[in-house]
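1. below is the structure, and that's it, no one-letter string:
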């Protein structure tokens, strides 16, 4: 084999490797749908989890249908069949509608179709979070289809399909503008027209907002899992189009540095601002850093990525505050702050931090940024292209939402919102049926031996053997209302002092302790209905004061929601089976 043949084979193998990576990257981007679903479900209330999972599933499935019907042909550039050149004029504004995926399948670009499809699905998914917990599922399906089939493909064609923005030098490597900014704008307008969730904003008689309530997410652990899934997927999101190792390595570096710096920034800021580092804000900041680095990931360096991340970490907190306290727009998951604001920032960052030292700079064919001596030229192009995309998105999505609002409506009824979309939109009694946060006796005993409580990690106080009681020779009924996840600890504590009989009822309760507000994402948590347990115990032999003290020590955490204990005198007790009454009727139970 001569040298030329060997070089040809090596080149062929190298091309195949990068083609496989291209599709593997597309698979990583598809996996991000799971991340979006977990973040949204974790940051919202449990009564809507099934609805949220369904919407994220249908985003991709409806998007796929719209993509092969019309979306792919609108986005992909129209190539002249004779010259092979990208056509000018109308085809630089919109791809030529067609059905080549059906009529020319043998020569069809399968990889390009799938790769661009998974990016398209991401745009519609972003909108879901901002409009969560109060949007009609049927309406959601319709506007998701329109975003996937028309709004996204047209503007993406301008940048990635050989359109006029790409031709003029606008740069958005992986979608800060085309995907995240567009999805964030749709989310902002949708949430504004939809209105806030019931109870989010408290208004006075004049209609002025006087208080913003925080609605804690149902499962922060699930939200965190979603963020880690998204971060992993982002290496494909940003890196899949790379065709050489230096560029891919540099993209991986910037895609790691920016979100890390953003998260540290958010942690420090919220620690100073609220007295404690805010978990959900830090998770949002990780995503904000990823969104911001998406456009310039191939053309900036480590220093640029760090600065981009620092700004992103502050910007997402500002965005969430702005919507809550100034615009009074309810965005349950922070989608606008994460995607719209940082999509804008990432697009601008190209014109500030692009540098020829980045391996992907030469292939990008753009000018250096302001901070690297390139002047204002590229920044001007970025602002111009971004402005055109914003105009297109605002006009089209506003028309779509207004038409849907006037026809089938955007919002569910008050009854559906209060009860939960799982039950009335999908016939799902609970997304967590059969799941309860309780601990076995063995786990509790093991925690006690280590001096810890499984529930709140506070010290366990030993229950005294006896407590003198002025009510020891009479019958009393003790009613305890507390958190469901404290039942095992309470039951074991009662058993330890000789109380073996109790009645347990699942109830709903609400309340707010004056002067002890708790905060979620910078907003005070309002008084909302929460699942509780009601435990009823009638005692005679065991001193009632001992029961009360033991319950207090088993339930105490120092946080709102520890519960209350009520003590009532009991005139008499009759055991039906034996006919015994009074003290004797309780001797095998307490």
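-> Perfect, thanks for sending it. The model shown is predicted, which means the values in this text are computed figures rather than measured ones.

2. tell me if residue 202 really is in a strand.
-> Yes: remark: residue 202 belongs to a strand, assigned using DSSP: H, G, I helix; E, B strand; the rest coil.

3. what about the closest residue to it other than its chain neighbours, how many residues close to it?
-> The shortest distance from residue 202 to any non-neighbouring residue, by C-beta to C-beta, 6 or more residues apart in numbering, is to residue 211 (3.9 Å). Placement of C-beta: from N, CA and C, glycine included. Using other C-beta atoms under 10 Å, the number of residues around residue 211 comes to 12.

4. right, and residue 211 touches residue 200 too?
-> No: using C-beta atoms under 8 Å, residue 211 makes no contact with residue 200, being 9.8 Å away.

5. distance check, residue 347 against residue 36.
-> The spacing between residue 347 and residue 36, counted by C-beta to C-beta, to the nearest Å, is 21 Å.

6. oh, I was asking about residue 213
-> As judged by C-beta to C-beta, residue 213 and residue 36 stand 25 Å apart.

7. who has more neighbours, those two?
-> It is residue 36, of residue 213 and residue 36, that has more neighbours when counted by other C-beta under 10 Å, with 27 against 19.

8. name the nearest residue to that one, ignoring sequence neighbours.
-> Nearest non-adjacent residue to residue 36, counting by C-beta to C-beta, 6+ apart: residue 125, 4.7 Å away.

9. for the one you found, list the residues it contacts.
-> 33, 36, 56, 59, 60, 183 (C-beta atoms under 8 Å, 6 or more residues apart in numbering).

10. wait, is the fourth one part of a helix?
-> Yes: counting by three-state DSSP, one finds residue 59 located in a helix.

11. just checking, it touches residue 33?
-> Yes: with contact defined as C-beta under 8 Å, residue 59 reaches residue 33; the gap is 7.0 Å.

12. neighbour-wise, which of these two wins?
-> Neighbours were counted for residue 59 and for residue 33 using other C-beta under 10 Å; residue 59 has more, 28 against 21.

13. lowest-confidence helix or strand of the chain?
-> Taking mean pLDDT, DSSP states H and E as the measure, the chain has helix 441-449 as its least confident helix or strand, at a mean of 46.

14. immediately after it, which helix or strand?
-> The helix or strand immediately downstream of helix 441-449 is strand 476-483, counting by DSSP states H and E.

15. now that following strand: buried residues?
-> By neighbour count on 16 or more other C-beta atoms under 10 Å, the buried set for strand 476-483 is 476, 478, 480, 481, 482, 483.

16. which elements pack onto the helix or strand that it is followed by?
-> Sequence-wise, the next helix or strand beyond strand 476-483 is helix 487-496, with elements assigned using DSSP H and E. Packed against helix 487-496, as judged by 3 or more C-beta pairs under 8 Å, 6 or more residues apart in numbering; DSSP states H and E, are the following elements: helix 441-449, strand 530-539, helix 544-555.

17. residue 203 and residue 212 touch, don't they?
-> No: the criterion here is C-beta under 8 Å, and residue 203 misses it with residue 212 at 10.9 Å.

18. of these two, which one has the most company?
-> Between residue 203 and residue 212, counting by other C-beta under 10 Å, residue 212 is the more crowded of the two (20 against 11).

19. the more buried one contacts residue 323, correct?
-> No: look at residue 212 against residue 323 with C-beta under 8 Å: they stay out of range, at 9.7 Å.

20. where does the stretch 351-500 of the chain dip in pLDDT?
-> For the stretch 351-500 of the chain, the stretches flagged by pLDDT under 70 are 434-473.

21. strands along this protein, start to end?
-> 201-203, 209-212, 476-483, 503-509, 519-520, 523-524, 530-539, 564-569 (DSSP state E).

22. can you flag the weakest of those by average pLDDT?
-> Least confident of those, judged by mean pLDDT, is strand 519-520 with a mean of 62.

23. do a quick rundown of the helices in the stretch 101-250 of the chain.
-> With DSSP state H, counting those that start in this stretch as the criterion, the stretch 101-250 of the chain has helices at 110-130, 137-146, 152-160, 164-168, 182-194, 220-239, 245-274.

24. tell me how far stretch 353-363 lies from the chain's centre.
-> Chain-centre distance of stretch 353-363: 32 Å, with C-alpha atoms, centre = their mean, to the nearest Å.

25. what about it, how long is it end to end?
-> Taking C-alpha to C-alpha, to the nearest Å, the first and last residues of stretch 353-363 lie 16 Å apart.

26. buried sites along it?
-> For stretch 353-363, the neighbour count (16+ other C-beta under 10 Å) marks 353, 354, 355, 358, 359, 360, 361 as buried.

27. residue 537 - how many residues pack around it?
-> Residues near residue 537, counting by other C-beta under 10 Å, number 23.

28. ok, the spatially closest residue to residue 503 that is not a sequence neighbour - contacts?
-> The shortest distance from residue 503 to any non-neighbouring residue, by C-beta to C-beta, 6+ apart, is to residue 536 (4.3 Å). Counting by C-beta under 8 Å, 6+ apart, residue 536 makes contact with 477, 478, 479, 480, 502, 503, 504, 505.

29. need these in a markdown table with distance to residue 253, can you?
-> Formatted as a markdown table, those follow (distance: C-beta to C-beta, whole Å):
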| residue | distance to residue 253 |
| --- | --- |
| 477 | 66 |
| 478 | 62 |
| 479 | 60 |
| 480 | 56 |
| 502 | 59 |
| 503 | 61 |
| 504 | 55 |
| 505 | 57 |
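
30. what is the nearest of those residues to residue 95?
-> Residue 95 lies nearest to residue 505 out of the contacts of residue 536, by C-beta to C-beta, at 61.8 Å.

31. can you name the residues bridging to the closest one?
-> With DSSP bridges as the criterion, residue 505 is bridged to residue 534.
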